[in-house]
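**Student:** this is a predicted model, with the sequence first.
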Amino acid sequence: MWETLLGCVLIALARITDVSCATVRTLMLVRGKRTIAAAIGLVEATVYLLALSKVMSSVNNIPNIIAYAVGFASGNYIGSLIEEKIAVGTIMVQVIPSCTDGIVGDLRSMGYGVTVVDGTGKDGPREVLNITMNRKDLPHIYKYFQEKDCRAFITVLDTRDIRGGYLKDITNRK
(Lines give C-alpha, C1' and ligand atoms only; values in the text may rest on other atoms or scores of the structure.)
Protein backbone atom coordinates (compact mmCIF):
# COMPACT_ATOMS: atom_id res chain seq x y z
CA MET A 1 0.00 0.00 0.00
CA TRP A 2 2.79 2.48 0.90
CA GLU A 3 4.52 1.71 -2.37
CA THR A 4 1.34 2.53 -4.31
CA LEU A 5 0.81 5.74 -2.34
CA LEU A 6 4.41 6.85 -2.83
CA GLY A 7 4.19 6.06 -6.55
CA CYS A 8 1.02 8.15 -6.86
CA VAL A 9 2.59 11.09 -5.01
CA LEU A 10 5.68 10.95 -7.23
CA ILE A 11 3.56 10.81 -10.39
CA ALA A 12 1.43 13.76 -9.26
CA LEU A 13 4.51 15.82 -8.29
CA ALA A 14 6.19 15.02 -11.60
CA ARG A 15 3.12 16.17 -13.54
CA ILE A 16 2.81 19.32 -11.44
CA THR A 17 6.45 20.05 -12.23
CA ASP A 18 6.31 19.36 -15.96
CA VAL A 19 3.02 21.17 -16.58
CA SER A 20 4.21 24.18 -14.56
CA CYS A 21 7.40 24.13 -16.63
CA ALA A 22 5.32 24.04 -19.81
CA THR A 23 3.43 27.16 -18.72
CA VAL A 24 6.60 29.09 -17.92
CA ARG A 25 8.32 27.80 -21.09
CA THR A 26 5.43 29.03 -23.23
CA LEU A 27 5.61 32.42 -21.55
CA MET A 28 9.34 32.63 -22.24
CA LEU A 29 8.81 31.75 -25.91
CA VAL A 30 6.15 34.41 -26.29
CA ARG A 31 8.49 36.93 -24.65
CA GLY A 32 11.28 35.98 -27.08
CA LYS A 33 13.52 34.32 -24.48
CA ARG A 34 14.40 31.23 -26.55
CA THR A 35 17.43 30.05 -24.55
CA ILE A 36 15.57 30.04 -21.24
CA ALA A 37 12.60 28.34 -22.94
CA ALA A 38 14.87 25.62 -24.34
CA ALA A 39 16.42 24.93 -20.93
CA ILE A 40 13.00 24.72 -19.30
CA GLY A 41 11.85 22.44 -22.13
CA LEU A 42 14.70 20.05 -21.37
CA VAL A 43 13.57 19.73 -17.74
CA GLU A 44 9.93 19.54 -18.75
CA ALA A 45 10.43 16.72 -21.26
CA THR A 46 12.60 14.69 -18.88
CA VAL A 47 10.14 14.91 -15.99
CA TYR A 48 7.19 14.21 -18.31
CA LEU A 49 8.79 11.05 -19.66
CA LEU A 50 9.58 9.79 -16.16
CA ALA A 51 5.98 10.30 -15.04
CA LEU A 52 4.56 8.77 -18.21
CA SER A 53 6.81 5.73 -18.01
CA LYS A 54 5.66 5.10 -14.42
CA VAL A 55 2.00 5.21 -15.49
CA MET A 56 2.53 3.16 -18.64
CA SER A 57 4.45 0.45 -16.78
CA SER A 58 1.13 -0.62 -15.29
CA VAL A 59 -1.64 0.80 -17.46
CA ASN A 60 -4.38 -0.89 -15.42
CA ASN A 61 -3.31 0.80 -12.17
CA ILE A 62 -6.22 3.22 -11.59
CA PRO A 63 -4.55 5.15 -8.69
CA ASN A 64 -1.58 5.94 -10.98
CA ILE A 65 -3.91 7.22 -13.69
CA ILE A 66 -5.79 9.38 -11.19
CA ALA A 67 -2.50 10.74 -9.79
CA TYR A 68 -1.39 11.56 -13.34
CA ALA A 69 -4.61 13.48 -14.03
CA VAL A 70 -4.57 15.27 -10.65
CA GLY A 71 -0.96 16.27 -11.24
CA PHE A 72 -1.82 17.63 -14.68
CA ALA A 73 -4.74 19.71 -13.37
CA SER A 74 -2.73 20.97 -10.40
CA GLY A 75 0.21 21.79 -12.66
CA ASN A 76 -1.98 24.07 -14.76
CA TYR A 77 -3.11 25.95 -11.67
CA ILE A 78 0.36 26.18 -10.10
CA GLY A 79 1.94 27.12 -13.44
CA SER A 80 -0.45 30.04 -13.80
CA LEU A 81 0.43 31.21 -10.28
CA ILE A 82 4.15 31.03 -11.10
CA GLU A 83 3.59 32.94 -14.34
CA GLU A 84 1.70 35.62 -12.45
CA LYS A 85 4.47 35.96 -9.85
CA ILE A 86 7.41 36.21 -12.26
CA ALA A 87 5.53 38.71 -14.49
CA VAL A 88 8.18 38.82 -17.21
CA GLY A 89 7.94 41.38 -19.97
CA THR A 90 6.28 44.66 -20.74
CA ILE A 91 2.69 45.73 -21.19
CA MET A 92 0.81 48.66 -22.61
CA VAL A 93 -1.80 50.00 -20.22
CA GLN A 94 -4.45 52.22 -21.72
CA VAL A 95 -6.43 54.29 -19.26
CA ILE A 96 -9.48 56.44 -19.94
CA PRO A 97 -9.91 58.33 -16.69
CA SER A 98 -13.23 59.86 -15.67
CA CYS A 99 -11.28 63.04 -14.88
CA THR A 100 -7.61 63.87 -15.45
CA ASP A 101 -6.96 66.25 -12.55
CA GLY A 102 -3.28 65.70 -11.74
CA ILE A 103 -3.24 62.10 -12.94
CA VAL A 104 -0.73 62.55 -15.77
CA GLY A 105 1.63 64.50 -13.49
CA ASP A 106 1.28 61.89 -10.74
CA LEU A 107 2.07 59.02 -13.11
CA ARG A 108 5.08 60.83 -14.56
CA SER A 109 6.40 61.65 -11.08
CA MET A 110 6.06 57.94 -10.26
CA GLY A 111 8.45 57.27 -13.16
CA TYR A 112 6.02 56.16 -15.85
CA GLY A 113 6.10 57.47 -19.40
CA VAL A 114 2.61 58.63 -20.30
CA THR A 115 1.35 59.56 -23.76
CA VAL A 116 -1.92 61.49 -23.79
CA VAL A 117 -4.20 61.18 -26.81
CA ASP A 118 -7.43 63.13 -27.32
CA GLY A 119 -10.44 60.95 -27.96
CA THR A 120 -14.19 61.08 -28.11
CA GLY A 121 -16.37 58.83 -26.00
CA LYS A 122 -20.10 58.35 -25.62
CA ASP A 123 -20.33 61.42 -23.39
CA GLY A 124 -17.95 63.66 -25.35
CA PRO A 125 -14.22 64.44 -25.37
CA ARG A 126 -11.95 62.22 -23.27
CA GLU A 127 -8.24 61.86 -22.76
CA VAL A 128 -6.68 58.44 -23.37
CA LEU A 129 -3.51 57.70 -21.43
CA ASN A 130 -1.07 55.19 -22.90
CA ILE A 131 1.50 53.85 -20.44
CA THR A 132 4.12 51.27 -21.37
CA MET A 133 5.55 49.52 -18.31
CA ASN A 134 7.01 46.37 -16.84
CA ARG A 135 4.33 43.76 -16.09
CA LYS A 136 5.33 43.52 -12.47
CA ASP A 137 4.37 47.18 -11.98
CA LEU A 138 0.72 46.68 -12.97
CA PRO A 139 -0.50 46.27 -9.37
CA HIS A 140 0.87 49.77 -8.61
CA ILE A 141 -1.24 51.23 -11.43
CA TYR A 142 -4.35 49.38 -10.29
CA LYS A 143 -3.83 50.59 -6.73
CA TYR A 144 -3.23 54.17 -7.86
CA PHE A 145 -6.42 54.28 -9.92
CA GLN A 146 -8.44 52.54 -7.21
CA GLU A 147 -7.49 55.42 -4.89
CA LYS A 148 -7.49 58.31 -7.39
CA ASP A 149 -10.18 57.44 -9.96
CA CYS A 150 -12.00 54.16 -9.34
CA ARG A 151 -14.21 54.78 -12.41
CA ALA A 152 -11.28 54.87 -14.84
CA PHE A 153 -11.52 52.43 -17.75
CA ILE A 154 -8.30 50.39 -17.90
CA THR A 155 -7.20 47.92 -20.56
CA VAL A 156 -3.95 45.96 -20.54
CA LEU A 157 -2.20 44.69 -23.67
CA ASP A 158 0.87 42.47 -23.84
CA THR A 159 3.78 43.88 -25.83
CA ARG A 160 6.43 41.69 -27.34
CA ASP A 161 9.01 44.24 -28.37
CA ILE A 162 9.71 47.88 -27.62
CA ARG A 163 12.02 50.17 -29.58
CA GLY A 164 12.71 53.75 -28.54
CA GLY A 165 10.46 55.84 -26.35
CA TYR A 166 10.57 55.99 -22.59
CA LEU A 167 10.55 52.94 -20.36
CA LYS A 168 12.24 53.50 -17.06
CA ASP A 169 13.16 50.53 -14.89
CA ILE A 170 10.87 51.16 -11.95
CA THR A 171 10.66 47.67 -10.49
CA ASN A 172 12.38 48.71 -7.24
CA ARG A 173 9.69 51.26 -6.41
CA LYS A 174 7.60 50.70 -3.27
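**Tutor:** On my side now, so go ahead. This structure is a prediction, so every number in the text was calculated from the model and none was measured.

**Student:** CA only for contacts and neighbour counts going forward, please
**Tutor:** Fine.

**Student:** quick check: buried residues in the longest strand seen in the chain?
**Tutor:** For the chain, the strand that runs over the most residues, judged by DSSP state E, is strand 124-134. Within strand 124-134, the residues that count as buried by 16 or more other C-alpha atoms under 10 Å are 126-134.

**Student:** show me what it is packed up against.
**Tutor:** Packing partners of strand 124-134 (3 or more C-alpha pairs under 8 Å, 6 or more residues apart in numbering; DSSP states H and E): strand 90-96, strand 114-121.

**Student:** ok, now with 10 Å
**Tutor:** Using 3 or more C-alpha pairs under 10 Å, 6 or more residues apart in numbering; DSSP states H and E as the contact test, the elements touching strand 124-134 are strand 90-96, helix 103-109, strand 114-121, strand 153-159.

**Student:** and Ser98, helix, strand or coil?
**Tutor:** Ser98 falls in the coil class when you classify it by DSSP: H, G, I helix; E, B strand; the rest coil.

**Student:** what residues are bridge-paired with Glu127?
**Tutor:** Beta bridges link Glu127 to Asp118, judged by DSSP bridges.

**Student:** from Ser98, how far off is it?
**Tutor:** Distance of Glu127 to Ser98, given as C-alpha to C-alpha, to the nearest Å: 9 Å.

**Student:** just Asn130 next, same as before
**Tutor:** Relative to Ser98, Asn130 is positioned 15 Å away (C-alpha to C-alpha).

**Student:** what of Ser20?
**Tutor:** The value you get for Ser20 to Ser98, if C-alpha to C-alpha is used, is 40 Å.

**Student:** and the lengthiest helix in the chain, what does it pack against?
**Tutor:** What stands out as the longest helix in the chain, according to DSSP state H, is helix 2-30. If you count contacts as 3+ C-alpha pairs under 10 Å, 6+ apart, helix 2-30 packs onto helix 34-56, helix 62-86.

**Student:** can you pull the contacts of the closest residue to Arg151 other than its chain neighbours?
**Tutor:** Residue nearest to Arg151 in three dimensions, not counting chain neighbours: Ser98, with 6.1 Å by C-alpha to C-alpha, 6 or more residues apart in numbering. The contact partners of Ser98, by C-alpha atoms under 10 Å, 6 or more residues apart in numbering, come to 126-127, 149-153.
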